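S.K.: give me coordinates for this.
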Amino acid sequence: MTTIHTIPSYRRIWEISLPIILSLVAQNIVNVTDTAFLGRVGEVELGASAIGGLFYISIFMLGFGFGIGGQILIARRNGERNYHEIGRITDNSLYFLLGLGLLLFVFIKFLSPAILRPLISSNEVYGASIDFLQYRIYGIFFAFGNVLLRAFYIGTTKTRVLTYNALIMAGANVFLDYALIFGNFGFPQLGIKGAAIASSISEAISAIFFFSYTIHMIDLKKYNLLRFARFDWKVVKTTLDISFFVMLQYFLSLAGWFVFFMIIEKMGERPLAISNIIRSAYIVLMIPVFAFGSITNSLVSNAIGEGRRNQVIPIIKKVALLNFMLIGAVTLISAFIPQTLISVYTSDPELIAQTVPTFYVVLSALLLFSFSSILFNGVSGTANTATALWIELITIVVYLMVAWILAVHLKLSIELVWTSEYIYFLVMSVLSWLYLKSGRWKKKVI
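M.R.: Residues are numbered from 1 along each chain as shown. You can find the predicted model right below:
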């Protein structure tokens, strides 16, 4: 726990962020291996895993958003040293997430075919996407358990366990992907279904480790944690007051990317395959941004909980600078080896060559993202989640309008369609900074 009442040093920010970065690296091995293995099965499977995966993640983000709201509250109570309340928030959040998981399971299991059929032009891509979703959905209950404990550990700044958990999940997924997609080690050859099953089982293994570690290594009495007392709607309502807007924000964010991929799907299977490779590589390159974004959220909420509102803007500036330096290094190195990185996902020389221009577009967009993400998470960390939702909504509307004009109206090449990322991050940066500078967030009490 951060107890010093000065602005956290670069060293302290790095110490908290590094385990999250490492955990996200391990978690994204799941994404990379799915894409890399399916890229060697076929372009239909590669494109379908993008659509099916984004559809699943868009729905999953409702639970993830609730977890972020819980993380904000946990961090605030941690800053106030009101540790006993943290367990009540965590336990009641678990009840809520399990109920939400059941609703979303039924929704995806039975309604996703009707939703996706009008949106996907290719019958082959549609069929493979449904195959993926019908097995992927079983992991949602375990995924929500992981979301909850991630919120607890980041909110209390005890982030080291995230690395261990992610390594276990990644190791399980790589093995299961190799076994189930290609039919190795005596397992059946299941193709895209195997990728979905592997991900679901990996999340189950991850959740078992996460809860076991918490029970044996955390002072449950101090935090009043995992007591599983009677459901308390007041606690859930307090969390929902913050989380509701975060849930919608995260859903809209991923749903916006899902719509973006639906726009690209109209361009054909090759642009869709290129975009799935880019999506996978992009998410890996974004890892430091996601990590520093989570830390910004937690540090800002802790600082406000400790009565240090005047330090919020300096904290954001420090994290943003550290993030930009790291992303700048990642971008510079990646710019020299694009073919090598892309070849992880496919062995087709023509597909690799056609992917390189889009790869350079997203590399430059990352530099903008390194600032916009920190500013935006700073807004969320102040618990003004309704404002964050409006910022996200305005940004997505502008982003999708630009993408549609570039892809459908002007019929430009895939790399030019991806330049809409610049618009997304620019609009988000400007709106977030204007709100933070206004100081209106200082009036928020939770």
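S.K.: drop to CA atoms for contacts and neighbour counts, all remaining ones
M.R.: Fine.
S.K.: show me what the longest helix seen in the chain is packed against.
M.R.: Secondary structure assigned by DSSP state H gives helix 43-79 as the longest helix of the chain. Counting contacts by 3 or more Cα pairs under 8 Å, 6 or more residues apart in numbering; DSSP states H and E, helix 43-79 packs against helix 10-39, helix 83-116, helix 123-136, helix 140-155, helix 233-265, helix 269-285, helix 287-305.
S.K.: which ones are touching the nearest residue to Leu436 once chain neighbours are set aside?
M.R.: Nearest non-adjacent residue to Leu436, counting by Cα to Cα, 6 or more residues apart in numbering: Val379, 6.7 Å away. Applying Cα atoms under 8 Å, 6 or more residues apart in numbering to Val379 gives the contacts 385, 387-388, 432, 435-436, 441.
S.K.: report the central residue of this protein.
M.R.: For the chain, the residue nearest the mean C-alpha position is Phe290 (7.3 Å; Cα atoms, centre = their mean).
S.K.: look up how far Phe211 lies from that one.
M.R.: Distance, Phe290 to Phe211, using Cα to Cα, to the nearest Å: 23 Å.
S.K.: ok, which of the helices and strands packed on helix 43-79 comes nearest Tyr56?
M.R.: helix 123-136 (7.0 Å; Cα to Cα).
S.K.: show me what that closest one is packed against.
M.R.: Under the contact rule (3+ Cα pairs under 8 Å, 6+ apart), helix 123-136 is packed against helix 43-79, helix 83-116, helix 192-217.
S.K.: report the outermost residue of the protein with respect to its centre.
M.R.: By Cα atoms, centre = their mean, the chain has its most distant residue from the centre at Gly186, 33.7 Å.
S.K.: look at it and give its secondary structure.
M.R.: Three-state assignment for Gly186 (DSSP: H, G, I helix; E, B strand; the rest coil): coil.
S.K.: next, give phi and psi for it.
M.R.: phi 80, psi 0 (degrees, to the nearest 10).
S.K.: so what's the gap between the longest helix of the chain and the chain middle?
M.R.: Distance of helix 43-79 from the chain centroid (Cα atoms, centre = their mean, to the nearest Å) equals 5 Å.
S.K.: and if you look at stretch 420-439?
M.R.: With Cα atoms, centre = their mean as the basis, stretch 420-439 stands 19 Å off its chain's centre.
S.K.: check which helix or strand the residue nearest to Leu436 maps to.
M.R.: According to DSSP states H and E, Val379 maps onto helix 349-381.
S.K.: now for the following helix or strand past that helix, which elements pack on it?
M.R.: Counting by DSSP H and E, the element after helix 349-381 in chain order, helix or strand, is helix 385-404. Packing contacts for helix 385-404, counted by 3+ Cα pairs under 8 Å, 6+ apart, involve helix 233-265, helix 349-381, helix 420-438.
S.K.: other residues contacting stretch 435-446?
M.R.: 73, 309, 313, 378-379, 382-384.
S.K.: contact partners for Arg160?
M.R.: Neighbour list for Arg160: 16, 19-20 [criterion: Cα under 8 Å, 6+ apart].
S.K.: format these as TSV; extra columns: neighbour count and distance to Ile274.
M.R.: Output for the contacts of Arg160, formatted as TSV (neighbours: other Cα atoms under 10 Å; distance: Cα to Cα, whole Å):
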residue	neighbour count	distance to Ile274
Ile16	21	35
Pro19	20	31
Ile20	27	29
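S.K.: identify, from those, the entry nearest to Phe37.
M.R.: Among the contacts of Arg160, and counting by Cα to Cα, the member closest to Phe37 is Ile20, at 25.7 Å.
S.K.: so what's the closest residue to that closest one other than its chain neighbours up against?
M.R.: In this structure, Ile20 finds its nearest non-sequential neighbour in Ala291, 5.5 Å apart by Cα to Cα, 6+ apart. The contact partners of Ala291, by Cα under 8 Å, 6+ apart, come to 17-18, 20-21, 24.
S.K.: outside of stretch 93-104, which residues touch it?
M.R.: 59, 63, 67, 70, 140-141, 144-145, 148, 231, 236, 239.
S.K.: let's see that with 10 Å instead.
M.R.: The contact list for stretch 93-104 (Cα atoms under 10 Å, 6 or more residues apart in numbering) reads 56, 59-60, 62-64, 66-67, 69-70, 87-88, 90, 105, 107, 110, 137-145, 147-149, 226, 228, 230-233, 235-237, 239-240.
S.K.: also stretch 178-192?
M.R.: With contact meaning Cα under 10 Å, 6+ apart, stretch 178-192 is reached by 33-35, 37-38, 40-42, 44-46, 48-49, 128-129, 131-133, 135, 173, 175-177, 193-198.
S.K.: switch to 7 Å and redo it
M.R.: Stretch 178-192 is contacted by residues 38, 45, 132, 194-195 when judged by Cα atoms under 7 Å, 6 or more residues apart in numbering.
S.K.: which of the residues in it are buried?
M.R.: Using 16 or more other Cα atoms under 10 Å as the test for burial, stretch 178-192 gives 178-183, 190-192.
S.K.: kindly report the same for stretch 77-89.
M.R.: Those buried within stretch 77-89 under the rule 16+ other Cα under 10 Å are 77-79, 81, 83-89.
S.K.: gap between Tyr282 and Pro271?
M.R.: To Pro271, Tyr282 is 16 Å away according to Cα to Cα.
S.K.: quick one: buried residues of stretch 386-404?
M.R.: Applying a neighbour-count criterion of 16+ other Cα under 10 Å, one finds 386-389, 391-393, 395-396, 399-400, 402-404 buried in stretch 386-404.
S.K.: just stretch 214-232 next, same as before
M.R.: Buried-residue list, stretch 214-232, by 16+ other Cα under 10 Å: 214, 223-226.
S.K.: okay, the closest residue to Leu254 other than its chain neighbours: pLDDT?
M.R.: Nearest residue to Leu254, sequence neighbours excluded (Cα to Cα, 6+ apart): Ser58, at 4.8 Å. pLDDT, Ser58: 80.
S.K.: ok, Thr6 next?
M.R.: For Thr6, the predicted pLDDT is 71.
S.K.: which ones are touching it?
M.R.: By Cα under 7 Å, 6+ apart, Thr6 lies in contact with nothing.
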